[in-house]
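1. Need coordinates for the below:
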Amino acid sequence: MISIIIPVYNNFIYTKRTIQSIRENTKDYELIIVDNNSEDVTESLRSEKDITYIRLEKNYGFAKACNIGASKANGNFLLFLNNDVIVTKNWTELLTKHYKYFTNLGIVGAIGNNISGMQNAFDGNLNFDLDSLALEYFIRKKSELVQKENFNKIRIFPQIRGFCMLMKKELFLEVKGFDENYLIGNYEDDDICLKALHCGYINAIIEDCFIYHFGSKTFELFEENKIKDSNFNNENYFISKWGMNVNEAFKR
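-> As a prediction, this is how the structure comes out:
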């Protein structure tokens, strides 16, 4: 079983759409929503029978919310997911299948849009309403095309983005989860990827798995200066911990 863990803060309309796509496209899973003290109607998810809903007393940020969700997970796989995505047919099967062939496979991720680095399929969003049939049609066709053109393709790559990260629970426990010193978000995904590499694992991009990503919807809720300060502090903490910046760390 896969435990899908989604940290959320407000943006209920995106969370709801993400959950809908999970229900439509996923088998054998549990869904854990970790609410970073949202101020909208997100708490209404507490009544959903197929959701384990955890509400925190304040906004602890992405890393700690992920760790709290993982502590409640029952699955052999942990899948950390942003709350502004639309997942596609067979996505969990595509993400997990290569673990049968690579005994040292660590953290894997899908391709998508609005992502920096090698996982980015295209930039930007389509000018469609969130629940429009046109958006649904595009995502379905894009996913079908990706699965056909990139069938069974896996790219060994050290750096996996946090919008969609899957790993075995035993790896997560071995590296002691996400480092909670990274606040709000950013750099905690780089950090856990490095910890996996240092434990002898390889990370990889699953190139036949496409997930639509609206991108930065939680960050947009914060003042720009607060995000800049958080990124500055997170970057400095990363450098102090690893003795180098992110680019240098992944070149080694």
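
2. Specify the local secondary structure of the nearest residue to residue 196 once chain neighbours are set aside.
-> Nearest non-adjacent residue to residue 196, counting by Cβ to Cβ, 6 or more residues apart in numbering: residue 106, 3.9 Å away. Using the backbone N, CA and C atoms, a C-beta is placed for each residue, glycine as well. With DSSP: H, G, I helix; E, B strand; the rest coil as the basis, residue 106 sits in strand.

3. confidence score at residue 106?
-> Residue 106 carries a pLDDT value of 99.

4. swap in residue 122?
-> pLDDT at residue 122 comes out at 75.

5. cool, the one 3 residues further on as well?
-> Confidence at residue 125, expressed as pLDDT, is 62.

6. again with the one 10 residues further on
-> The model reports residue 135 with a pLDDT of 87.

7. That one - that's part of a helix, no?
-> Yes - assessed with three-state DSSP, residue 135 lies in a helix.

8. so how far is residue 21 from it?
-> From residue 135 across to residue 21, the span is 11 Å (Cβ to Cβ, to the nearest Å).

9. Residue 31: which element?
-> strand 29-35 (DSSP states H and E).

10. and that strand, what other elements does it pack with?
-> Identification of packing neighbours for strand 29-35 by 3 or more Cβ pairs under 8 Å, 6 or more residues apart in numbering; DSSP states H and E yields strand 2-8, helix 12-25, strand 51-55, helix 62-71.

11. Can you list the strands that that strand pairs with?
-> strand 2-8 (parallel), strand 51-55 (parallel) (DSSP bridges).

12. Run through who's touching the first one.
-> Okay, so that is strand 2-8. With contact meaning Cβ atoms under 8 Å, 6 or more residues apart in numbering, strand 2-8 is reached by 15, 18, 22, 26, 28-36, 38, 42, 62, 65-66, 69-70, 73-83, 92, 96, 166, 169, 218.

13. For the one helix or strand in the chain whose mean pLDDT sits lowest, which strands pair with it and how are they oriented?
-> Ranked by mean pLDDT, DSSP states H and E, the helix or strand of the chain with the weakest confidence is strand 120-122, at a mean of 83. Here strand 120-122 is paired, per DSSP bridges, with strand 105-113 (parallel).
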